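Peer 1: just the structure for this:
(2 chains)
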Amino acid sequence: MHKINIDGYSVQEVYEDMKQRNVPETSEKLAQAHVTIAGAGGLGSNIAIALARAGVGHLTLIDFDAVELSNLNRQQFKLSQINVPKVIALKQNILEFNPFITISTIQERVTSQNVETLFGDSDIICEAFDDPHSKAVLLGSSREIFPNKPLVMGNGLAGIHSPNNIKTRQQSENVYICGDNISAGVEGLMAPRVLVCAGHQANVILQLILGKVAL
Amino acid sequence: MLKINGSVENQYVGKTIAQLLNDKNAALENIVVEHNGKILQRECFVDTFIHNDDQIEIISFVGGG
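Peer 2: Predicted coordinates:
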């Protein structure tokens, strides 16, 4: 009989030791949570990786794009993944460090018509688009359809301004917006501020899952 | 007292949301308007009048992600 193992470690060992340095008493809730991330670019790829490392059990990744060379300055992809659909590439990268997560991938553009279908089964909606109109559409339509489902958004993370201008704000009862609300992508997007904003979004998502938001 | 994004702006009482957005040069495609805590559908901008004591939030999105 073969002992089931992952690269020589028993499955149980990997599962337990991965969480060793996490905040205690968080695993169970995180493992049960389902977060849907709309956009798998600079924000989305970094948020997904942070949530997967923290032990969030179920992710749905939505993006219609494929990996391009111009993404590599801030998005979590590799040269070997150029032209691969972003959601597929991101899923591959996550499964390399966390084999216990379940990840669904959807290669579609989010419109007001498909919000109900795309986000119906998730506990939390994470907006990680590049395009400001798409951000506005998702806020408007998701509040109409799912007023009680938490929505975490990114807005303003461009340039090399102070990272301390990027904040998490509660916009309304179930809406959180992270960013400086001002700096736009046309001035250039650099990995550090993108990562700061992605970190804000991922952190408030963990807080929402664990039932205690502290801004 | 009419509040727009937290500031008192009584000069807009009696105007419509569409007039307010026009005055503010808002990029209509990239904004969401909350009127007294509820998101206002775009179609309603032209015939929603602003009253004294209203709370209006104009949420403007910028690109980048």
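Peer 1: from here on, contacts and neighbour counts on C-alpha atoms
Peer 2: Fine.
Peer 1: up against chain B, what does chain A have?
Peer 2: A:41-44, A:128-136, A:139-140, A:143, A:154-158, A:172, A:181-186, A:189, A:194 (CA under 8 Å from any CA of the partner chain).
Peer 1: ChimeraX command for the buried members of those residues?
Peer 2: Per 16 or more other CA atoms under 10 Å in any protein chain shown, the buried members of the residues of chain A next to chain B correspond to this ChimeraX selection:
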select /A:41,42,43,44,128,129,130,131,132,133,134,135,136,139,140,143,154,155,156,157,158,181,182,183,184,185,189,194
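Peer 1: what does the helix or strand of chain A with the lowest mean pLDDT contact?
Peer 2: Within chain A, confidence by mean pLDDT, DSSP states H and E is lowest for strand A:5-6 among all helices and strands, at a mean of 82. Strand A:5-6 is contacted from outside by A:11, A:14, using CA atoms under 8 Å, 6 or more residues apart in numbering or on different chains.
Peer 1: go again using 7 Å as the cut-off
Peer 2: For strand A:5-6, contacts defined as CA atoms under 7 Å, 6 or more residues apart in numbering or on different chains pick out A:V11.
Peer 1: quick one: strands adjacent to it?
Peer 2: strand A:9-10 (antiparallel) (DSSP bridges).
Peer 1: the helix-or-strand element of chain B with minimal mean pLDDT packs against which elements?
Peer 2: Counting by mean pLDDT, DSSP H and E, chain B has its least confident helix or strand at strand B:38-40, which shows a mean of 93. Judged by 3 or more CA pairs under 7 Å, 6 or more residues apart in numbering or on different chains; DSSP states H and E, the packing partners of strand B:38-40 are strand B:31-35.
Peer 1: one more time with 10 Å, if that's ok
Peer 2: Contact here means 3 or more CA pairs under 10 Å, 6 or more residues apart in numbering or on different chains; DSSP states H and E; on that basis strand B:38-40 packs against helix A:132-145, strand B:31-35, strand B:55-60.
Peer 1: quick one: buried residues of that strand?
Peer 2: For strand B:38-40, the neighbour count (16+ other CA under 10 Å) marks B:39-40 as buried.
Peer 1: need the contact partners of that strand.
Peer 2: Defining contact as CA atoms under 10 Å, 6 or more residues apart in numbering or on different chains, one finds that strand B:38-40 is touched by A:139-141, A:143-144, A:172, B:17, B:32-34, B:48, B:55-58.
Peer 1: same thing but 7 Å
Peer 2: The contact list for strand B:38-40, computed with CA under 7 Å, 6+ apart, reads A:140, B:33-34.
Peer 1: for stretch A:68-81, same thing?
Peer 2: For stretch A:68-81, using CA under 7 Å, 6+ apart, the contacting residues are A:41-42, A:45-46, A:67, A:82-83, A:89, A:190-191.
Peer 1: ok, the residues you listed vs chain B, which is closest?
Peer 2: A:G42 (5.2 Å; CA to the nearest CA).
Peer 1: who are the neighbours in contact with the closest one?
Peer 2: Neighbour list for A:G42: A:74-75, A:194, B:65 [criterion: CA under 7 Å, 6+ apart].
Peer 1: for A:V14, same thing?
Peer 2: Here A:V14 is in contact with no residue (CA under 7 Å, 6+ apart).
Peer 1: grab the nearest non-local neighbour of A:A54.
Peer 2: A:N22 (7.1 Å; CA to CA, 6 or more residues apart in numbering or on different chains).
Peer 1: got the confidence number for that neighbour?
Peer 2: At A:N22, the model reports a pLDDT of 95.
Peer 1: so which of the contacts of strand B:38-40 comes closest to A:G57?
Peer 2: A:G140 (27.7 Å; CA to CA).
Peer 1: burial measure for B:I4, as a count.
Peer 2: 18 (other CA atoms under 10 Å in any protein chain shown).
Peer 1: wasn't A:D130 part of a strand?
Peer 2: No: counting by DSSP: H, G, I helix; E, B strand; the rest coil, A:D130 is not found in a strand; it is coil.
Peer 1: check contacts around it.
Peer 2: Going by CA under 7 Å, 6+ apart, the list of residues near A:D130 reads B:63-65.
Peer 1: hmm, try it at 10 Å
Peer 2: Contacts of A:D130 by CA under 10 Å, 6+ apart are A:39-44, A:154-155, A:184-185, B:62-65.
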